[in-house]
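Chemist: Quick one, structure for this:
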Amino acid sequence: MKEYTIKFFQFCLFSSLYIALCAVLMVYQTHSLLLTTKPSADFLLFVFFSTICSYNFHWYLTPVSLASSQRVQWAQQHKGWHLFLYFIGLIGSIVFFFRIRQHWFAISFSALLTFLYSAPKLPQVFFKELKRIAIGKTIFLSFVWMYVTTVLPVIISGETWKMDFTLFSCSRLFLIYAICILFDYRDRADDKNDGIKSMITYFNERGINNLFTISLSFFALTTVALYWYGHSVFTVATLLVPGIIVAAIYNIAKKNFSDYLYYFVLDGLMMLSGLLMLIERI
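Modeler: Residues are numbered from 1 along each chain as shown. The predicted structure follows:
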């Protein structure tokens, strides 16, 4: 029984079902915190399937890692699953895209950004050349996550942009960026081997620490500032929780490269405040 439980957990984690649910909850939090409308089921399902599609596409193209990684081993052993889930995600994305096609431009922009992140893994020379200009790939990925889970829901809702929308977008961006710094720190050997340049491969240890501190500082400032735009102390405190946790485990995560720590705990921190708010309302 324990063996099957572990296999099921690994499947949910390594097939990207877990991160897709994180994305859906982050969209839901944006609506409950900032907007007067509930997210449409069509949009939530589009986000779910497009996340499944993009992540399985990315991992299908991921070669063997220089570092020991259960996820990379799982990806190599289950390429069929990645390919299957990629097509399931693609079909689902297309179906629900047409149900919200009136927002095609804003959605297509997010699809393009998502594709460009994984494009350097494609074998064609044109896409490989993108590695040369990937210096800001961590910022790029953070922006994609922020855009899809924060900006895009506001655009689709049709509501007028407000100052607290900007603050919440920045808060989420800098939290995700701080988390991504750890992912890039862990993957820096693979990035160097693949010829991918990033700030994490460029900076020394002190520079990486400073970058992480700056990112979390901006996260804290923009989050606390939400209090002056009508958000309660409870809301602000809840939003700060994942930042406090990632700061507390920063040094641990720089030494312990466990896939469970990274893909379950760190990825889960992106949606933690939304989950806490959902539980509180229940």
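Chemist: Residues in contact with stretch 102-111: which ones?
Modeler: Around stretch 102-111, the neighbours that count as contacts under C-beta atoms under 8 Å, 6 or more residues apart in numbering are Phe46, Ser50, Phe97, Ile100, Val144, Tyr147, Val148, Leu152, Ile155, Ile156. For glycine as for every other residue, the C-beta is placed from the backbone atoms N, C-alpha and C.
Chemist: Now go through those residues and say which are in helices.
Modeler: Among these, the residues falling in helices (DSSP state H) are Phe46, Ser50, Phe97, Val144, Leu152, Ile155, Ile156.
Chemist: Now the nearest residue in space to Ser32 that is not next to it in sequence: phi and psi?
Modeler: Counting by C-beta to C-beta, 6 or more residues apart in numbering, Ser32 lies nearest to Met277, which is 6.7 Å off, once chain neighbours are set aside. Torsion angles at Met277 (phi, psi; degrees, to the nearest 10) stand at phi -70, psi -40.
Chemist: Run a quick neighbour tally on Met277.
Modeler: By other C-beta atoms under 10 Å, 19 other residues sit near Met277.
Chemist: okay but it is in contact with Thr30, surely?
Modeler: No: applying C-beta atoms under 8 Å, one finds Met277 not in contact with Thr30, separated by 11.1 Å.
Chemist: list the buried ones in the strand or helix carrying Gly80?
Modeler: Gly80 belongs to helix 79-99 when assigned by DSSP states H and E. For helix 79-99, the neighbour count (16 or more other C-beta atoms under 10 Å) marks Trp81, His82, Leu85, Tyr86, Gly89, Leu90, Gly92, Ser93, Phe96, Phe97 as buried.
Chemist: Closest to Met270 out of those residues?
Modeler: Ranked by distance to Met270 (C-beta to C-beta), those are led by Gly89 at 19.1 Å.
Chemist: wait, isn't the closest one in contact with Ser54?
Modeler: Yes: in this structure, Gly89 is within contact of Ser54 by C-beta under 8 Å, at 7.4 Å.
Chemist: any idea how far the strand or helix carrying Phe105 is from the chain center?
Modeler: Using DSSP H and E, Phe105 sits in helix 104-118. When distances are taken as C-alpha atoms, centre = their mean, to the nearest Å, helix 104-118 is centred 14 Å away from the chain's centroid.
Chemist: Number the chain from 58, please
Modeler: Sounds good: first residue 58 from here, last item helix 161-175.
Chemist: can you give me the angle it makes with helix 136-156?
Modeler: Helix 161-175 and helix 136-156 are oriented at 160 degrees to each other (axes from the mean of the first three to the mean of the last three C-alpha atoms, to 10 degrees).
Chemist: Show me which residues of the helix or strand Arg263 falls within are buried.
Modeler: Here Arg263 sits within helix 262-281, counting by DSSP H and E. Within helix 262-281, the residues that count as buried by 16+ other C-beta under 10 Å are Ile265, Leu268, Phe269, Ser272, Leu273, Phe275, Phe276, Ala277, Thr279, Thr280, Val281.
Chemist: Now it - C-alpha only, PDB.
Modeler: The C-alpha coordinates for helix 262-281 follow below in PDB (Å, rounded to 0.1, in the frame of the first residue of the first chain):
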ATOM      1  CA  GLU A 262      27.600  33.200  -4.000                       C
ATOM      2  CA  ARG A 263      27.300  36.700  -2.400                       C
ATOM      3  CA  GLY A 264      25.700  38.100  -5.500                       C
ATOM      4  CA  ILE A 265      23.100  35.300  -5.500                       C
ATOM      5  CA  ASN A 266      22.300  35.900  -1.800                       C
ATOM      6  CA  ASN A 267      22.000  39.700  -2.500                       C
ATOM      7  CA  LEU A 268      19.600  39.000  -5.400                       C
ATOM      8  CA  PHE A 269      17.500  36.800  -3.200                       C
ATOM      9  CA  THR A 270      17.400  39.300  -0.400                       C
ATOM     10  CA  ILE A 271      16.400  42.100  -2.800                       C
ATOM     11  CA  SER A 272      13.600  40.100  -4.300                       C
ATOM     12  CA  LEU A 273      12.200  39.100  -1.000                       C
ATOM     13  CA  SER A 274      12.500  42.700   0.200                       C
ATOM     14  CA  PHE A 275      10.400  44.000  -2.700                       C
ATOM     15  CA  PHE A 276       7.900  41.200  -2.100                       C
ATOM     16  CA  ALA A 277       7.600  42.300   1.500                       C
ATOM     17  CA  LEU A 278       7.300  46.000   0.700                       C
ATOM     18  CA  THR A 279       4.600  45.600  -2.000                       C
ATOM     19  CA  THR A 280       2.700  43.100   0.100                       C
ATOM     20  CA  VAL A 281       2.600  45.300   3.200                       C
END
